[in-house]
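Asker: Just to be clear, the model below is a prediction. Sequence and coordinates:
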Amino acid sequence: MYKCHVCGRQFQGGRQIDDKSCWASYVNGKLTYKELAAMYGCSARTISRRISKVTSEFVPAYPKEAVVIMDTTYFGRKFGVMLFQDAGSGRILYRKYVRNETNEGYMSGLQILKDHGVDIKAVVCDGRVGLLEGIIGIPAQMCQFHQLQIIRRTLTRNPQLLAGCELLSLCLTMKSSTKAEFSRLFDEWCGKWKDFLDERTALVSGKTTYTHRRLRSARKTIAKHLPWLFTYEEYPDYDIPNTSNKLEGTNSEMKRRLHSHNGLTEQNKKKFIDEFLKTWEKRSQ
């Protein structure tokens, strides 16, 4: 209700503000305080006050069984969210706000899902050190895209050595290869370039070091992760994805939404993310 200080007439102006609708437009419509203020015919400060009254908490629904994709995405150096997603439905099964990504956090999340009656058929994750080895009793799939990214970071996208070019080309065929075929070609590459990879260079100190350390590092990471790169082949009935791309898509959309609202406090970021996950779960059902 507004009042004219000249004539004393009272009247209503703008649109009536509904806190929940305003909050939904803020999160899902990517509208800023100024844009919402213009929509409702009020000040940005009023919109801020109305939105602050809205509470949002993500409450997951636990399925009977699921293939779980898990990963952590960060919003700055010391604030991130660890997500566990159902590979089939796309629903977020569990979320945890973290300062740092830890294997203990992932193990704890899997145990929480088990405690709520979820039969975890398989897990898809990246190649975090010690994580795959720590998943006991559940089939684990190493994300093939993450493996390819590791190789690209190690060798660059345009290796100068012929051995590096051949190894990168081999890794590019991973998604369309079988485990037997990929393993055979990888073993052939290792045999072909063994002497080359064993070459050493003398240092000024008199000691020696391996000449092609990046190539050796790339070979080591493939050999280390190979037992988990084709797990999906061993369990065809589970429909295990060979990458975590579905969860990466969720993370990307969440970051795009948050990018429209720079300057949020950590508490408001959590409320925003919880609202996004609630909406995302409804879209996935």
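Answerer: That came through, no problem.
Asker: For the rest of this, base every contact and every neighbour count on C-alpha atoms.
Answerer: OK.
Asker: strand partners of the helix or strand where Y97 lies, parallel vs antiparallel please.
Answerer: In this assignment (DSSP states H and E), Y97 forms part of strand 92-98. In the sheet, strand 92-98 lines up against strand 80-86 (antiparallel) (DSSP bridges).
Asker: for the record, mean pLDDT for the partner strand?
Answerer: For strand 80-86, mean pLDDT is 95.
Asker: Would you map the strands across the chain?
Answerer: 2-3, 10-11, 65-74, 80-86, 92-98, 119-125, 140-142, 200-202, 208-210 (DSSP state E).
Asker: returning to what we had before: could you give the average pLDDT over the strand holding Y97?
Answerer: Predicted confidence along strand 92-98 averages 94 (mean pLDDT).
Asker: what's the answer for stretch 52-61, then?
Answerer: Rounded mean pLDDT across stretch 52-61 is 77.
Asker: who's in contact with that stretch?
Answerer: If you take CA atoms under 8 Å, 6 or more residues apart in numbering as the criterion, stretch 52-61 is touched by D19, K20, W23, I92, L93, Y94, K271, F272, D274, E275, L277, K278.
Asker: Which pLDDT value belongs to the last one?
Answerer: pLDDT recorded at K278 is 82.
Asker: Chain neighbours aside, what residue packs nearest to H212?
Answerer: L197 (6.0 Å; CA to CA, 6 or more residues apart in numbering).
Asker: Is that neighbour in contact with R214, as I believe?
Answerer: No - assessed by CA atoms under 8 Å, L197 is found out of contact with R214, at 9.7 Å.
Asker: give the contact list for the residue nearest to H212.
Answerer: L197 neighbours (CA under 8 Å, 6+ apart): Y210, T211, H212, R213, L215, R216.
Asker: Could you measure from the first one over to C165?
Answerer: In other words, Y210. Distance from Y210 to C165, counting by CA to CA, to the nearest Å: 19 Å.
Asker: rewinding a little: just name the closest of the contacts of L197 to C42, please.
Answerer: If you rank these by distance to C42 using CA to CA, L215 comes first, at 61.7 Å.
Asker: Tell me where the stretch 151-285 of the chain has helices.
Answerer: 162-172, 179-192, 194-197, 213-229, 231-234, 245-259, 266-284 (DSSP state H, counting those that start in this stretch).
Asker: Other residues contacting the second one?
Answerer: Contacts made with helix 179-192 from outside it, assessed by CA under 8 Å, 6+ apart, are listed as E166, L167, L170, M174, R219, L226, L229, F230, E233.
Asker: out of the contacts of L197, which is most surrounded?
Answerer: L215 (20 neighbours; other CA atoms under 10 Å).
Asker: Would you mind confirming that that one is in contact with L155?
Answerer: Yes - with contact defined as CA under 8 Å, L215 reaches L155; the gap is 6.9 Å.
Asker: Right, I'll call it a day here.
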